[in-house]
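In: Here you go, sequence then predicted model.
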Amino acid sequence: MPAFIPDLGTILAFALAAVILAITPGPDMALQLSRTVNYGRGAGLAVGFGAMSGVAVHTTLVALGISVLIIAAPALFLALKIAGAGYLLWLAYQAVVHGGGLKISAAAPKTPTLWQSYLTGVGINLLNPKVVLFFVTFLPQFVDRADPSAPEKLFFLGAEFIVVSIPLMIATVLLAEQLTRVLTRTKWVQRALNYSFAAVFTTFAAVILTAQARH
């Protein structure tokens, strides 16, 4: 077996952990649901794949040791929290104004392109300090630091996380699409959903601001 591949027990244990984490509600999932409800399956999937790209970036930063530096520097970690919370509050505003039917002008808001939804997914993932903390504190537990192949194994586990998460992400979007056909037949229901998404984004913004770096 190549040196960069962990043993089978580690692969299976990490796969189980990845499934649990993937189905745990968070900003990424909330954004996927919001975009699916308002703009359809393609937008929801674009957000999901954007988040997966963010995971790849986090894995790379951990393997290179850069994420540790961010957490070790209080000013940088505070800036990350503020940026992440601000981004979620902006998404909450968008959910109410553009998704909830309350227009600030007579013209209908422009539907975001798939590329814009993808970049939004990347942004919400990269600016979430909870994700940074997860990859810095959790991912390395599956690798022996004394192992000369540790960086390569971290990349392997990051890729495994993405492979495990993608089917669950797709299932979430497809389920949201089916529910949308039932729940959004009336405007007041759609508006209530978007206000709910706004509340979720605001709550996650508050949670992010309370994130503490672990030394």
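Out: Perfect, I can see it now.
In: per-residue confidence at L78?
Out: What the model reports for L78 is a pLDDT of 73.
In: thought P6 was touching V143?
Out: Yes - shown here, P6 and V143 form a contact pair, counting by C-beta atoms under 8 Å, at 7.2 Å. Quick note: C-beta positions are derived from backbone N, CA and C, even for glycine.
In: what sits in contact with each of these two?
Out: Common neighbours of P6 and V143, using C-beta atoms under 8 Å, 6 or more residues apart in numbering, are 153, 157.
In: what pLDDT does the nearest residue to A46 once chain neighbours are set aside get?
Out: In space, and not counting its chain neighbours, A46 is closest to S117: 3.8 Å by C-beta to C-beta, 6 or more residues apart in numbering. If you check S117, the pLDDT there is 93.
In: swap in T60?
Out: 91.
In: Neighbours of it, how many?
Out: Using other C-beta atoms under 10 Å, T60 has 16 other residues around it.
In: Contact partners for it?
Out: T60 makes contacts with 155, 158, as judged by C-beta under 8 Å, 6+ apart.
In: and the helix or strand it falls within, how far from the chain's centre?
Out: Per DSSP states H and E: T60 is located in helix 41-64. Offset of helix 41-64 from its chain centre (C-alpha atoms, centre = their mean, to the nearest Å): 7 Å.
In: What residues of it count as buried?
Out: Within helix 41-64, the residues that count as buried by 16 or more other C-beta atoms under 10 Å are 41, 43-56, 58-63.
In: Surely the residue nearest to A46 and G48 touch.
Out: No - look at S117 against G48 with C-beta under 8 Å: they stay out of range, at 9.3 Å.
In: What are the boundaries of the helices in the protein?
Out: All helices of the chain, identified by DSSP state H, fall at 8-22, 27-39, 41-64, 66-72, 74-94, 114-126, 129-137, 150-183, 187-209.
In: Indicate which one of these is closest to P2.
Out: In terms of C-beta to C-beta, the element of the helices of the chain nearest to P2 is helix 150-183, at 8.5 Å.
In: Check which residues of the closest one are buried.
Out: 151-158, 160-162, 164-165, 168-170, 172-173, 176-177, 180.
In: now stretch 21-35
Out: 21-22, 26-35.
In: Neighbours of F135, how many?
Out: Using other C-beta under 10 Å, F135 has 22 neighbouring residues.
In: In contact with the residue nearest to A46, which residues?
Out: Residues in contact with S117 (C-beta under 8 Å, 6+ apart) are 35, 39, 42-44, 46-47, 50.
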